[in-house]
Each structure stands twice: as structure tokens, then as C-alpha cells.
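Engineer: Quick one, fold the following:
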Amino acid sequence: MMQVACAAFIRSFFVRRRAARTNHGRADPIGFLFYSLEGFVDGLREHFVYNEFRRYALSSAMRRRREVALILGQTGNVIPRIAIRDLRPDVVRLYSTKTAKTLIRDLNRLVEKDFLEITEGGYRIKISQMHAFGFPHA
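Structural biologist: The predicted model follows:
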């Protein structure tokens with residue numbers, strides 16, 4: 001699992017590094033630093049979620065819930081319930097054979113386990129959990 005988190009961090013790091021290149025191919029050091037730090041924080045968030053999910057048996061339901069928590073952790077925004085299912089292709093695949101009740105049940109379990117919070121507009125990762133470990137919200 002740690003290898004998956006590291007691979008995702010490295011991939012996002014290089015995507016950000018490429019995005020930081022501006023001004024006719026010359027690197028922007030401040031932009032590079034900003035994107036690198038943002039990628040590092042994303043990696044810490046992923047690591048946090050993976051570590052938290054290690055406490056539970058890894059069933060197919062927990063895999064789905066972990067993916068939802070990871071995605072909502074990456075966005076940091078409030079996402080309406082109806083949109084969560086379609087955020088990324090891997091989540092679409094995980095819920096493709098499931099009913100809408102499965103998603104609601106998974107979201108409720110994530111709220112019960114203190115991973116997510118319900119807001120007026122939908123769900124978002126419980127950032128306060130990450131702040132407790134010193135992970136800044138980007």
C-alpha cells in the first residue's frame with residue numbers, strides 16, 4: 001500500500017513539475033517550489049488516509065471507502081453526494097455494479113469513522129483530522 005501512495009506522490013510531483021515550467025521553457029523556481037510543496041502535502045494526506053485504513057480489514061467495501069476518502073482529501077472541497085460517484089474513473093469502476101444505497105452507506109460509514117463531514121452542500125474530508133498531525137490544508 002505504501003508503494004501505491006509513493007507512486008501516486010511521485011506521479012503528481014512530476015505532473016506539477018512539468019506544470020511549473022513557464023516562460024518559454026525556462027523553469028520558474030518559485031512556481032516549482034509551490035507545486036512541489038503542494039505535491040508533498042498531497043502525499044502526506046494520502047499517507048494519512050492509508051495509515052488510518054490499516055486499522056480495518058480490507059474488504060471491497062473498505063477499498064471503495066478508502067478511494068472516496070483519498071479523492072475527497074485531494075480536492076479538499078465540498079462535493080455533492082451525487083457527484084462523488086463520478087469524480088474519477090476508478091471510483092466509477094468501483095461503484096459501477098453497486099446501487100446508490102451502497103454509496104450512501106459508504107459515505108455514512110466514513111462519517112461515522114470520522115473521515116468525512118457532512119456539510120450543507122455535500123461531503124468533504126475532515127481536514128481537522130489531518131491538522132492534528134500537522135498537515136496543512138493547501
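
Engineer: Please make it C-alpha for all contacts and neighbour counts, starting now.
Structural biologist: Fine.

Engineer: for the protein, what are the low-confidence residue spans?
Structural biologist: Applying pLDDT under 70 to the chain flags the ranges 1-27, 127-138.

Engineer: Would you state the helices of it in chain order?
Structural biologist: For the chain, the helices defined by DSSP state H occupy 2-19, 29-53, 60-75, 81-84, 89-95, 100-112, 127-131.

Engineer: So what's the gap between the fifth one and the chain middle?
Structural biologist: The chain centroid and the centroid of helix 89-95 are separated by 14 Å under C-alpha atoms, centre = their mean, to the nearest Å.

Engineer: got a list of contacts for that helix?
Structural biologist: 64, 67, 68, 85, 86, 103 (C-alpha atoms under 8 Å, 6 or more residues apart in numbering).

Engineer: Of these, which is the nearest to residue 96?
Structural biologist: residue 85 (8.9 Å; C-alpha to C-alpha).

Engineer: Include distance to residue 118 when you put the helices of the chain into a markdown table, please.
Structural biologist: As requested, the helices of the chain are exported to a markdown table (distance: least, C-alpha to C-alpha, whole Å):
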| stretch | distance to residue 118 |
| --- | --- |
| helix 2-19 | 26 |
| helix 29-53 | 18 |
| helix 60-75 | 12 |
| helix 81-84 | 10 |
| helix 89-95 | 20 |
| helix 100-112 | 7 |
| helix 127-131 | 12 |
